[in-house]
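Peer 1: attaching a predicted model along with its sequence, questions to come.
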Amino acid sequence: MASDDAKHQEDIIFALTSYHREDYDRPIITTPPGIHALVQPFITDAFTTDPTTTLGCLQVLPVEIIVEVCRAMDIIALFRFRQANRRARQIVSGIKAYRDTTTHALESFRAIMRLDITAFTIVDLDGVLHGPPKCATCDRFGYLLFLPSMQRCCSTCLECCRKQSYSIAPATTVAKLIGIRHRRLRRVVASTRSLTGPFLHGEYRGNKRYNLVTQDDVAREFPDVEPKSAFFPGPVSKAFEAQWGKFVRYRYMVTTFIHHVDRGSGIIEQRYSCDGCRKFAEKGRHYIYTPRNDATACFSRGEFLEHFRTCRFAHRLWKGC
């Protein structure tokens, strides 16, 4: 009973002092919820009618082996196999990792399909969904998924972090910067085909699709290339600063939101922002008393409760209600 009362009290705190930052939905790959509601049953569930055809030569294998083969396929190959016939659809839809990801990480699943990323399996995406919820770079809640490396991150690290794991740019630009032919780069390094959209909080309207390559992949395939730009590790220079602003926007073109689902309890972890910090920041006096990041941060449930205990602005909202 005490536990239920505490949970009820926490729910009231969230209802009165937190809000969902809709402006964070615009600069990355997002789909209207109504579209997801329409397509999700067809992507997740099998047909209710019994299959009338077999899997051909695969039919002689035990179902357990077929499932393991499916788990080892990249996500695009797995989805195409699922489209083969009703029996394949039945087997793939019965894989727990597939059902969980297409239910709770459908945005990321569809983005991988649309970006034609073939480097990861459904097990990899399921591991991110149920794995540690922290950003791969800092200790904050990682509510974004940087698809080229399949790692969680927060908006601060996505936009400001200069680690090479987030560096991504068009293949044509990189080829010019490191002094090799574009065709050679495309032939050796895997690229990700970006989507169009109002990326970077509407400051940049991406009407063109790019073949993007990551710094890690380029450096691995061309380890002896002399660093000539911001795309490669090296001392900060004027050239680095000049390229920095140009490259950041490409990160948003390959990033989606992702929830965290606790494997034991099944609780879906979403992101929360402090309404108290937002309202006082709008008055222009907020940053004198509390860190600027609190006004723009997105917290997990536990992080928000910790923030609430020390946030005078959230307490003012709480007492006012």
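Peer 2: Received the coordinates, thanks.
Peer 1: so where's this protein shaky on pLDDT?
Peer 2: 1-4, 23-26, 197-206, 224-245, 284-296 (pLDDT under 70).
Peer 1: would you state the strands of this protein in chain order?
Peer 2: Assigned by DSSP state E, the strands in the chain fall at 18-19, 144-146, 151-153, 168-170, 192-193, 197-199, 204-206, 211-214, 255-257, 260-261, 268-269, 273-274.
Peer 1: of all the ones you listed, which one comes closest to Phe109?
Peer 2: strand 255-257 (9.2 Å; CB to CB). C-beta: built from backbone N, CA, C; applies to glycine.
Peer 1: which other helices and strands contact that closest one?
Peer 2: Strand 255-257 is packed against helix 106-115, strand 144-146, with contacts defined by 3 or more CB pairs under 8 Å, 6 or more residues apart in numbering; DSSP states H and E.
Peer 1: quick one: strands adjacent to the shortest one?
Peer 2: For strand 144-146, sheet partners with direction are given as strand 151-153 (antiparallel), strand 255-257 (antiparallel), following DSSP bridges.
Peer 1: mind putting those strands into a markdown table with distance to Phe47?
Peer 2: Compiled in a markdown table, these are given as follows (distance: least, CB to CB, whole Å):
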| stretch | distance to Phe47 |
| --- | --- |
| strand 151-153 | 34 |
| strand 255-257 | 28 |
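Peer 1: re the thing from before, next, format the strands of the chain as JSON lines and append distance to Val63.
Peer 2: Listed next are those as JSON lines, based on distance: least, CB to CB, whole Å:
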{"stretch": "strand 18-19", "distance to Val63": "45"}
{"stretch": "strand 144-146", "distance to Val63": "31"}
{"stretch": "strand 151-153", "distance to Val63": "32"}
{"stretch": "strand 168-170", "distance to Val63": "39"}
{"stretch": "strand 192-193", "distance to Val63": "34"}
{"stretch": "strand 197-199", "distance to Val63": "40"}
{"stretch": "strand 204-206", "distance to Val63": "44"}
{"stretch": "strand 211-214", "distance to Val63": "37"}
{"stretch": "strand 255-257", "distance to Val63": "32"}
{"stretch": "strand 260-261", "distance to Val63": "26"}
{"stretch": "strand 268-269", "distance to Val63": "30"}
{"stretch": "strand 273-274", "distance to Val63": "45"}
